[in-house]
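Asks: return a 3D structure for these sequence lines:
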Amino acid sequence: MSDCVKRLIDLTVSLAALLVLWPVILLIAAAVRLESRGNPFFLQERAGRNAKPFTMIKFRTMRADADPFGNSPKTSDDPRITKTGRLLRETSLDELPQLVNVLKGQMSLVGPRPLYVSQIAEWNERQKRRLEAKPGITGLAQISGRGSLTIEEKLELDVEYVETRNLINDLKILLRTFTGVFAKSDIYEKKYSENQHTRSGKQ
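Replies: Model prediction:
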C-alpha cells in the first residue's frame, strides 16, 4: 500500500469522523471538565514516524493532579482514574481526539501506538523498525492482546505490522478494533516487560 493511498484514506476518514462526531467530542470534553477541573484534553509528546516528536491528544482520564509520567493503571480501581475516565478507557473513547493528529498527518488510523521518545534508546535495531510507519490510533498489537501483552511482544507485533502492512490488513485491524471495543477486555496493563521492569505509558 503506497503512502499516498494510506494518507488519502486517513485524511478522508478522519475529516468525515470529526465532522460527524464533533458534538460527541464536545459533550465528552464537558463531562471530563465537570467531574475533574482542568484541561479535558491530555497532551503529551510522543515519537512519530522516524522518531519525529509530536504532541498526541487524548481525553484526560485521570485526575488533573495525577503524574502524567506515572505507571499505567493495572485495574479500573486505580484511584487516579475518574469515573468518566474509566468509561472512556473501557470504550476507548479517550482516543477519539487523535483523529486530529491523523488529520494533521502526525498519525494514521492504523499503525504502531505512539510511545515516548525516551523509550527508543531501549529498543534493539529490529524493534526500531516500528518507527518506519506513522503511529496509529489502533494497531496489530492492540487487537492481539493489548494490556495482556508485554512491551517486547507489542514491539514484535509492531514490526510485523510494518513488514506486512497493506490495505487489506489495515481494514482487518480496524474491523477487529471496533468489535473489540465492546468486549472491554485487555484494557489494563498486566505486566509491562518480560523482565518485570515497570514503565509508564498506556499504549
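Asks: ranges for the strands of this protein?
Replies: Ranges of strands within the chain are 41-47, 53-59, 108-110, 136-138, based on DSSP state E.
Asks: out of these, flag the one nearest Lys6.
Replies: In terms of Cβ to Cβ, the element of these nearest to Lys6 is strand 108-110, at 6.4 Å. C-betas here are computed from N, CA, C, even on glycine.
Asks: how far out from the middle of the chain is that closest one?
Replies: Relative to its parent chain, strand 108-110 has a centroid offset of 10 Å by Cα atoms, centre = their mean, to the nearest Å.
Asks: adjacent strands (with direction) for it?
Replies: strand 136-138 (parallel) (DSSP bridges).
Asks: so how far is the strand it pairs with from its chain's centroid?
Replies: From the chain centre to the centre of strand 136-138 is a distance of 5 Å (Cα atoms, centre = their mean).
Asks: and the helix or strand of the chain with the lowest mean pLDDT, what does it pack against?
Replies: Here the helix or strand of the chain ranked lowest by mean pLDDT, DSSP states H and E is helix 167-181, holding a mean of 89. Judged by 3 or more Cβ pairs under 8 Å, 6 or more residues apart in numbering; DSSP states H and E, helix 167-181 is in contact with helix 3-35, strand 108-110, strand 136-138, helix 140-143.
Asks: noted, bye for now.
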